[in-house]
Each structure stands twice: as structure tokens, then as C-alpha cells.
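Asker: Build me a structure from this.
(2 chains)
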Amino acid sequence: MKSPGPPSGAGQVPELGHKRRPGEALAKALLLSSAVASIAITFGIIAALIEPVTHFFGQVEIGQFFAWQDIGQQNIRPAVLPLVLGTLMVTVIALVIAVPIGLGAAMYLSEYASKRTRKWLKPTVELLAGVPSVVYGFFAVFFITPVVLNGWLGLNVSFTNSLAAGIILGVMIIPTIASMSEDALSAVPLALRQGSLALGANRMQTTLRVVIPAALSGIAGAVVLGMSRAIGETMIVAIAGGSAKNNSLDVGEGHQTMTAFIAQTAQGENPVGSVSYNMLFAVALLLFIMTLIINSISIAIVRRYRQAY
Amino acid sequence: MNITATTAANVTASTLATGKRKDRNTSSLIFMGALWFSMFFGVAVLAALILDTALSGAGRFDSQLLFDYESTVRKEETGFRAGILGTIWLMLATALLAIPVGIATAVHLEEFADRTAWYSKVIEVNLQNLAAVPSIIYGMLAAAIMGLLGFTYKGIVLGGAIALGLLILPVIIIATREALRAVPQDIRQGSLALGATTWQTTWRQTLPSAIPGIATGTILGLSRAVGEAAPLLMLGVATVRFDPTSVLDKVTALPLQIYSLASAPQEALQEAASAAIILLLALIIGMNAVAIFIRNKFQRSW
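Answerer: Model prediction:
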């Protein structure tokens, strides 16, 4: 019987995979070099920061840098701890706002909203992350502080203050936390919910006692990532958070943060090689290390404790 | 199955199985209310922001806002021509720098890289980290790069584009990888079975199928770059009063002009800044809308 397909075994078998394709090799090399470039960026950041920092610690002692008060010559202001305090204060305020609200939005989107509602609600929430931080800063100074804090709430806060900056920073990171937590909640298999509902639980009990614990690692990762966003955000705190180092814990006062210090100092005159110029890089390196550690924690939490269903 | 049984099954599916019927006690209702509140809190803030800014900038929606340069003398007529043109220049230059590199990296990682190799894992973790590096640090890196390239004067288009390009590179890479991953394996295997090489498969089958996803991610990344001010601040981008004509010209950007006006005490300048904010928001919301439109309209689900 003759097979209907092309004749087999007749003629030459084409040699597959041996044709030289120089163009293709070049394309692959270009792709690889692009991927390697992403590593080069990280090393580039470290290299760009390290050199001025070594000069900085030639000019200033480590004890003067990690200090609460500026000690030493009059024109040098090397203390970094007040800046770290300012950063931590606005970050904590931001998390107090963003964690419950972001998590609530995530629970609503994942457990309560219908598919159609979710389709337009999710992009709307994500739009909050698209608003430029300059705009948020402007809004904090000209609306949150005078109208909400001093007006509606009757507080007596100064023109720039950590409370308004922290609140708006929190609004900015809501989408980060909501979106990532929603992914984690949606990944919990339906069978767990059905089991809980079959035992007579209602949706609130199911959400709080079954779905949330099962998604906890993803939620923790989301919170930590939101925290690193808040620490690294610049324009909101530069506009609304104050421009002087402040060691007090009063959130109604302005506190200069690490990022605000970099932004505000960079606008002034800093001759290359001067202490104030090198100090910028020292603060930036500290900031980079802090966010690097926090990001790594976030990645590790999500990786290690991800439950495979 | 007769109609009654079907209806009964539907009722079971829609009420009992979702637990909705048991949602009516007090604590459940309070919980639902709290979820509603958190869902609409952000939207309410956004609405308040847009409304408040639009009202305070309402007096300045005129042609001078768009076509005149910044003026500190005639404050009622200050315009954002330099910032608008600068933002457009920066956006195009950023796109030219970041999109090819971003897509190439993503294609390498998804289609060619040996996923079990240690260096692939290093690249992976590195990308996740880069995505969360503070934007101001990218500005410092770009300043260092410009120094190495030998540019002595500050605030030019190229420097800003390098900073913004570095900033959105991880965003583009992550979006492109997701788009490539969504292309089903069958399409690749079909192409390979017909004798195409991996490169031909990627170039002619996988990439074209992933274009809607890549476009969405890229536009969202660019819209983030448009609103950034911090990295440009580190590059010494400042006020200019002329139109840029090449990537080596000095430039300013809309967000930076807004920043410099935020500290100005004169009410006329704040009004102008509010109008400029509405302009910037319209640009960004427009870009987001285009991205969502592309996603909904062209994205295929296999």
C-alpha cells in the first residue's frame, strides 16, 4: 500500500540545524547583551555612588555622619539620623493609611466584586499610582494641610508637615498594596472557599479566616514593597514634608527626609568634591542600601512562603 | 433535567454557594461597609484632587498657558510652552532608548535564556530589585553617566532621557515578559515543527502575537516617566525659554515647572501651576486610557 504523503526515504535528507546564520547569531548576542545590561545598571549605581562616598568619609568621621546633631565645623551639616527619622515617620504614617485601605480594596476586588465591576474598578484604583508625585505634593500643601488638617480636623499643623506628606504618600502606595494583595488573594484556590462556605461560614468569615491566612505571604510581600516605595518617594516629601532636619516626634511639624534632603540640596550650589556634594552621595547610598534590603525581604517572603496549591 | 431542577441549581449556585445569604448579620454588614469605604477612598481622593485643582486653575485655561514661555514678570500670563515641548522631547527620547533594550531583554529571558542557570536567576532577582530603586537614584546614575560621556553642561534632553529610560526599563521588561508568557506554547511548537529556527519563531510568531500586551505595558511605563520630576532635578534640569531642537539642547519638563511653582508664594503663579497640573493629568490619564483601550480591544485570549 502506498502512503499518501510525500515519499519518504527518497532523495537527500536536509541537514537541519547546520546552516550558518550569522544574522541570527548577531541577534541573539544583542538580546543577551541587553539582558546583561540590566545587571550593569545595578553595578553602575553602586559605582556612581561609592566614589564620592569614599571622599566623604575622608572629610567627615563616621560618628559625625551617624549622629543626631550636626557637630563639627559651622558650614558642614553631616548628621544623617534626623533624615532617617523623618523618612521613617512619613513611611509609618503612609503604611497606617495604605495597609488597611489597600488590603480592604484588595478583599473587595477579589472576594466581593463581580467580574464586570472588577474590570473597571481595578484600572481606576491603579490610576492612583499613575498620578505624578509632584501633583500629590502640591495637593498635600494646598488642600490636605489647610483644608483637611487645619480646617475640618481643627489641628494646628505647620505649612509643611509630616502628617500631610505621610497621608498623601499612603494614598500613593494604596494601588501597590491593593494590586499585589489582590493577586495573592485571587491565587487562593476556590476549593478552600467552597469548603469554608459548605461548613456554614459566611463571606466575611471565609475571607478573614480562610482566604487571608492562605494569602498571607503575598500580602506581606505587598506591604514590604509598598514600604520601599514610600521610603524612596521624593517629590511629595520635598514639597510637603519640610526642609529642615528635625529630631522631634511631632508629626505636625516638618521633617526633612533622606530623599527630600537629596532633592533640596541638589538644587543649591554644590561644587564637585565639596563636603555637601559628597554628602548627597552618602545619603543616596544609605537610601539605596535600605531599599535594596527591604526589596530583598519582599522577594524572599513571596518566594519562600508561597504555598503551592 | 427539568426546569425546576435547573432553577433550583442556579439559585443554589448564586446564593448558598457564595455565602451571600448569610451576609446579613451586623458584623458582616459593617465589614462589607469597611470594604466599600476602602475601595472608594482612593477614588474619592483622586476626585477631590482633580476637582480642587481644576477649580483653582480654572481662570488660566487659555492659549497663553500652552503657547507662552514662563514669565515671572507678567505672572498672570506665564505659560508652559517650554515644559510641554520638553516633556514631549523627553518622552520620545526615553521611548527610543528604553523600548528596544527592554523588549530585547525580555525576549532573551523568555525565549532564549536557560532558565535553570544561575545567571538567569541573578538577572531575575536583579530586575525585581531595579523596579523598586528610588527614582532619584536613577537621576544620580544618569548624572554620573553624563559625566563619563564628557558633557559638562547640565540639563539636556539626552541626560533626562537616560535617567527616565533607566527608570522605566524594568517596567517595560516585566510587562513584555508577561505578554510573551501569555502566548501559548502551541504557536511556538507549530512554527518550530515547520522548520523555523527559534529566532524565526520569535520574530515572526511570538513577538507579533504579544504586541498588544507589550504596547500596553510600554505606554503605562512612559506615562510614569512623563510625571517624574525627581531624577530630572538631579540632572540640573532648570528653567529654559526656548524650544529644544536636538537631544543635546537644554530642556525643562512640565512636572519640574510645577515643582518650582509649588514654592512660589504669589497666587497667580499657583493658579498657573494648578492649570498645568490639569494639563499633565490629562496627558497621563489619556495615555492610561489608550493603554487600557489597547488591552481590551486587541489583546487575544487563546
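Asker: show me where pLDDT drops low in the stretch 51-200 of chain B?
Answerer: By pLDDT under 70, the weakly predicted segments of the stretch 51-200 of chain B are B:65, B:71-77.
Asker: Show me what from it comes close to chain A.
Answerer: Contact residues (C-beta under 8 Å from any C-beta of the partner chain) of the stretch 51-200 of chain B with chain A: B:52-53, B:56, B:101-102, B:104-105, B:107-109, B:112-113, B:122-123, B:125-130, B:132-138, B:140-141, B:143-145, B:166, B:169-170, B:173, B:195, B:197, B:199. Every C-beta, even on glycine, is put in place using the N, C-alpha and C of the backbone.
Asker: in the longest helix belonging to chain A, what counts as buried?
Answerer: For chain A, the helix with the greatest residue count under DSSP state H is helix A:22-59. Residues of helix A:22-59 classed as buried: A:27-28, A:31, A:34-35, A:38, A:41-42, A:44-45, A:48-49, A:52-53, A:55-56 (neighbour count, 16 or more other C-beta atoms under 10 Å in any protein chain shown).
Asker: Which elements pack onto whichever helix or strand comes after it?
Answerer: Downstream of helix A:22-59, the next assigned helix or strand under DSSP states H and E is helix A:62-65. The contact analysis (3 or more C-beta pairs under 8 Å, 6 or more residues apart in numbering or on different chains; DSSP states H and E) places helix A:62-65 against no helix or strand.
Asker: Restrict helix A:62-65 to CA atoms and write it as PDB.
Answerer: C-alpha atoms of helix A:62-65 as PDB (Å, rounded to 0.1, in the frame of the first residue of the first chain):
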ATOM      1  CA  ILE A  62      31.600  58.100  60.600                       C
ATOM      2  CA  GLY A  63      30.500  59.300  64.000                       C
ATOM      3  CA  GLN A  64      29.600  62.700  62.600                       C
ATOM      4  CA  PHE A  65      27.500  61.100  59.900                       C
END
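Asker: just to revisit the earlier point, which two among the buried residues of helix A:22-59 are spaced furthest apart?
Answerer: Among the buried residues of helix A:22-59, the pair separated by the greatest distance (C-beta to C-beta) is A:Ala27 and A:Phe56, at 44.2 Å.
Asker: Quick one, which of the residues of the stretch 51-200 of chain B next to chain A are buried?
Answerer: Among these, those classed as buried by 16+ other C-beta under 10 Å are B:52-53, B:56, B:101-102, B:104-105, B:107-109, B:113, B:123, B:126-130, B:132-138, B:140-141, B:143-145, B:166, B:169-170, B:173, B:199.
Asker: Among those residues, which ones are in helices?
Answerer: Those of those lying in helices (DSSP H): B:52-53, B:56, B:101-102, B:104-105, B:107, B:123, B:126-130, B:135-138, B:140-141, B:143-145, B:166, B:169-170, B:173, B:199.
Asker: Roughly how far does the nearest residue to A:Arg21 once chain neighbours are set aside sit from B:Val107?
Answerer: In space, and not counting its chain neighbours, A:Arg21 is closest to B:Thr197: 6.9 Å by C-beta to C-beta, 6 or more residues apart in numbering or on different chains. With distances taken as C-beta to C-beta, to the nearest Å, B:Thr197 is found 14 Å from B:Val107.
Asker: just the helices in the chain please.
Answerer: Went with chain A since none was named. In chain A, the helices defined using DSSP H lie at A:22-59, A:62-65, A:81-107, A:115-130, A:133-139, A:162-186, A:190-198, A:203-206, A:212-214, A:216-232, A:235-240, A:258-267, A:275-305.
Asker: try again with chain B
Answerer: B:3-14, B:26-57, B:63-67, B:81-107, B:118-130, B:135-149, B:157-182, B:185-193, B:198-201, B:207-227, B:230-234, B:254-262, B:267-298.
Asker: Figure out which of the ones you listed is closest to A:Tyr136.
Answerer: When the helices of chain B are ranked by proximity to A:Tyr136, the top entry is helix B:26-57, at 7.8 Å, counting by C-beta to C-beta.
Asker: Any buried residues in the closest one, and which?
Answerer: By neighbour count on 16+ other C-beta under 10 Å, the buried set for helix B:26-57 is B:28, B:31-32, B:34-35, B:38-42, B:45-46, B:49-50, B:52-53, B:56-57.
Asker: Report the angle between it and helix B:267-298.
Answerer: Angle, helix B:26-57 to helix B:267-298, by axes from the mean of the first three to the mean of the last three C-alpha atoms, to 10 degrees: 120 degrees.
Asker: Setting aside sequence neighbours, what's the nearest residue to the closest residue to chain B within the stretch 151-300 of chain A?
Answerer: At 2.8 Å from chain B, A:Gly232 is the closest residue in the stretch 151-300 of chain A, using C-beta to the nearest C-beta. Counting by C-beta to C-beta, 6+ apart, A:Gly232 lies nearest to B:Pro134, which is 2.8 Å off, once chain neighbours are set aside.
Asker: Identify the residues contacting the one you found.
Answerer: By C-beta atoms under 8 Å, 6 or more residues apart in numbering or on different chains, B:Pro134 lies in contact with A:Ile231, A:Gly232, A:Glu233, A:Thr234, A:Thr259, A:Leu287, A:Phe288, A:Thr291, B:Ala230.
Asker: can I get those in a markdown table with pLDDT, distance to A:Thr176 and neighbour count?
Answerer: Output for the contacts of B:Pro134, formatted as a markdown table (pLDDT from 0 to 100; distance: C-beta to C-beta, whole Å; neighbours: other C-beta atoms under 10 Å in any protein chain shown):
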| residue | pLDDT | distance to A:Thr176 | neighbour count |
| --- | --- | --- | --- |
| A:Ile231 | 92 | 13 | 23 |
| A:Gly232 | 91 | 12 | 24 |
| A:Glu233 | 91 | 11 | 30 |
| A:Thr234 | 91 | 16 | 30 |
| A:Thr259 | 92 | 17 | 29 |
| A:Leu287 | 92 | 18 | 26 |
| A:Phe288 | 92 | 19 | 22 |
| A:Thr291 | 91 | 14 | 20 |
| B:Ala230 | 89 | 17 | 29 |
